[in-house]
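Student: Give me coordinates for this.
(one chain, ligands or ions: 1)
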Amino acid sequence: MPKPIYVLSGPNLNLLGTREPEIYGHQTLEDVRKLCEARAAALGREIVFRQSNHEGELIDWIQEAREKACALVINPAGYGHTSVAILDALKAVGVPVVECHLSNPAARETFRRKTFVSLAATGVVSGFGPASYELAVEAAAGLAR
Ligand code: CA2
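Tutor: Residues are numbered from 1 along each chain as shown. Model prediction:
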């Protein structure tokens, strides 16, 4: 059985579909999970889809991915702009990393232009709403070890 693609989402993304629909749309994170599952299945892959509001829990899952995943998709949310600890975990993960964002952070406030996570990612998919996750899963499947 091939290892799954880990798809991790950071803080506040559990609120998706309930607030700021002009930025993040109306679909919930559960909707995004279903889209990712379907895209992965079409590519003969499985996913492990998780969200946390806690930096340490995300780091634990990144470390778990080292053994259990074939590739990692991460929407680090606000932590992408702040967390050297998540960057350090990603640098050690040993499987391909694809960063994704629902919005296009480069087109928003200046503080969103830099993400630490990008330093450990093979590539970034931003600005396509839930389709960013689907495209990131597809990219990760192509990179998977
Ligand atoms: O566009 C993205 O996916 C972001 O990673 C979302 C983060 C933001 O800090 C990044 O710059 C870009 C924010 C996630 C907050 O999610 C919410 C979803 C619905 C309602 C409120 C917050």
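
Student: Restrict stretch 115-131 to CA atoms and write it as CSV.
Tutor: Coordinates of each C-alpha in stretch 115-131 appear next as CSV, following Å, rounded to 0.1, in the frame of the first residue of the first chain:
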residue,chain,number,x,y,z
THR,A,115,6.3,33.0,4.4
PHE,A,116,9.0,31.0,6.2
VAL,A,117,7.4,27.8,4.9
SER,A,118,8.3,28.6,1.3
LEU,A,119,12.0,28.1,2.2
ALA,A,120,11.2,24.4,2.7
ALA,A,121,8.7,24.0,-0.1
THR,A,122,9.3,22.6,-3.6
GLY,A,123,6.5,25.0,-4.8
VAL,A,124,3.5,27.1,-3.7
VAL,A,125,-0.1,27.1,-4.9
SER,A,126,-2.0,30.3,-3.9
GLY,A,127,-5.1,32.2,-4.8
PHE,A,128,-7.4,29.5,-6.2
GLY,A,129,-9.6,29.0,-3.2
PRO,A,130,-10.2,25.3,-2.4
ALA,A,131,-8.7,24.4,-5.8
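
Student: which parts of it are buried?
Tutor: Neighbour-count burial for stretch 115-131, counted by 16 or more other Cβ atoms under 10 Å, picks out T115, F116, V117, S118, A120, A121, V124, V125, S126, F128, G129, P130. No exception for glycine: its C-beta is placed from N, CA and C like everyone else's.

Student: and of the residues you listed, the nearest to the ligand?
Tutor: Set against the ligand, the nearest of these by Cβ to the nearest ligand atom is S126 (6.9 Å).

Student: List the contacts of that closest one.
Tutor: Going by Cβ atoms under 8 Å, 6 or more residues apart in numbering, S126 touches C100, H101, S103, N104, P105, A106, S132.

Student: again, but for E22
Tutor: E22 touches nothing, counting by Cβ under 8 Å, 6+ apart.

Student: try V117
Tutor: Taking Cβ under 8 Å, 6+ apart, we find V117 in contact with I74, P76, Y79, G80, S83, I86, L87, L90, V97, E99.

Student: thinking F116 is in contact with I86, fair?
Tutor: Yes. Judged on Cβ atoms under 8 Å, F116 makes contact with I86 at a distance of 7.0 Å.
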